[in-house]
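K.L.:
A predicted structure for the sequence below; I have some questions about it.
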Amino acid sequence: MREEDLEVAIKVVIVGNGAVGKSSMIQRYCKGTFTKDYKKTIGVDFLERQIELDGEEVRLMLWDTAGQEEFDAITKAYYRGAQACVLAFSTVDRDSFEAATSWKMKVEDECGDIPTVLVQNKVDLLDQSVVDPEEADLLSRALGCRLIRTSVKEDVNVNAVFRHLAACCLQEMRQQDDDYAMNGNGLHPLTISAFGPTNQNGKSHQNGTIILRSGKPRRHRKRNVLKNACRIL
Ligand SMILES: Nc1nc2c(ncn2[C@@H]2O[C@H](COP(=O)(O)OP(=O)(O)OP(=O)(O)O)[C@@H](O)[C@H]2O)c(=O)[nH]1
């Protein structure tokens, strides 16, 4: 398979309290639209967008999870396999700021330590802000992730959020490629050689190799996708 037939696909989850602007951010980024109406997300939605970064084609699959508690049980499963995270709160909603730490822990529980951006949305409403700039800076340092202030409404910094995450993932992936290249025995660093279990005929089920896959982004064969349209629930 040729290198140009491969692409990087990254699953990004967007988490945060209800009404902080998660769905709006995804709509803005993938469709270029914004609506003032608030329609609670039920369950999980996703949209995708392809970008070029450092000469690589990167497909970002953006998973929109409901911020409302009542959908908690449904959304939990959808964190699995996520490779990057947007952790959003609203400039005019103190509770959403205070909930950011528990959202981060929730994602960490499911996905481990994945590249994450803390997003302070609705900065067009700074005159009504209930979060001091220093507090937000402090939180981003405490959580160990970059803070990006956005206005989805005014289309400020939305692209920067996703480019930053894609760049982090790409860097991780290249690091893995380097490790692989340097690993002289021809095995991927996360591949463990072993005798596999045998079936009733005494034959090995596969080739005797147990592969531990990391949840990190990998190159995939390009595929034709239905652009921008996939509702799960
Ligand atoms: N002023 C302002 N309003 C915004 C901005 N982003 C989103 N909104 C509004 O905030 C409300 C909530 O936005 P949503 O995108 O539905 O919020 P959500 O986080 O997806 O909410 P849930 O689906 O309940 O989790 C909507 O009325 C949006 O129009 C922004 O940057 N500025």
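P.N.:
Perfect, thanks for sending it. The shown structure was predicted, so the numbers you read here are calculated from the model rather than taken from an experiment. Residues are numbered from 1 along each chain as shown.
K.L.:
Any regions of this protein where pLDDT drops low?
P.N.:
1-6, 42-44, 67-77, 180-233 (pLDDT under 70).
K.L.:
repeat that with 80
P.N.:
The chain contains residues with pLDDT under 80 at 1-7, 38-45, 65-78, 176-233.
K.L.:
just checking, what packs against the longest helix along it?
P.N.:
Secondary structure of the chain per DSSP state H: the longest helix is helix 158-182. If contacts are counted by 3 or more Cβ pairs under 8 Å, 6 or more residues apart in numbering; DSSP states H and E, helix 158-182 sits against strand 6-15, helix 22-31, strand 44-53, strand 56-65, strand 84-90, strand 116-121, strand 146-149. Placement of C-beta: from N, CA and C, glycine included.
K.L.:
is the ligand contacted by that helix?
P.N.:
No: Helix 158-182 lies out of reach of the ligand by Cβ under 6 Å from any ligand atom, never closer than 8.9 Å.
K.L.:
for the ligand, what are the nearby residues on the chain?
P.N.:
Counting by Cβ under 6 Å from any ligand atom, the chain sits next to the ligand at 18-24, 35-38, 40-41, 66-68, 121-122, 124-125, 151-153.
K.L.:
Mind giving me the PyMOL select for those, buried ones only?
P.N.:
Burial among these is assessed by 16 or more other Cβ atoms under 10 Å; the matching PyMOL selection reads:
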select buried, resi 18+19+20+21+22+23+24+41+66+67+121+122+151+152+153
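K.L.:
coming back round to it: using TSV, please lay out the helices and strands packed on helix 158-182 together with distance to Glu172.
P.N.:
Listed next are those as TSV, based on distance: least, Cβ to Cβ, whole Å:
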stretch	distance to Glu172
strand 6-15	10
helix 22-31	21
strand 44-53	13
strand 56-65	13
strand 84-90	10
strand 116-121	13
strand 146-149	15
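K.L.:
my guess is Glu56 meets Leu170, correct?
P.N.:
Yes: between Glu56 and Leu170 there is a contact at 6.2 Å, judged by Cβ atoms under 8 Å.
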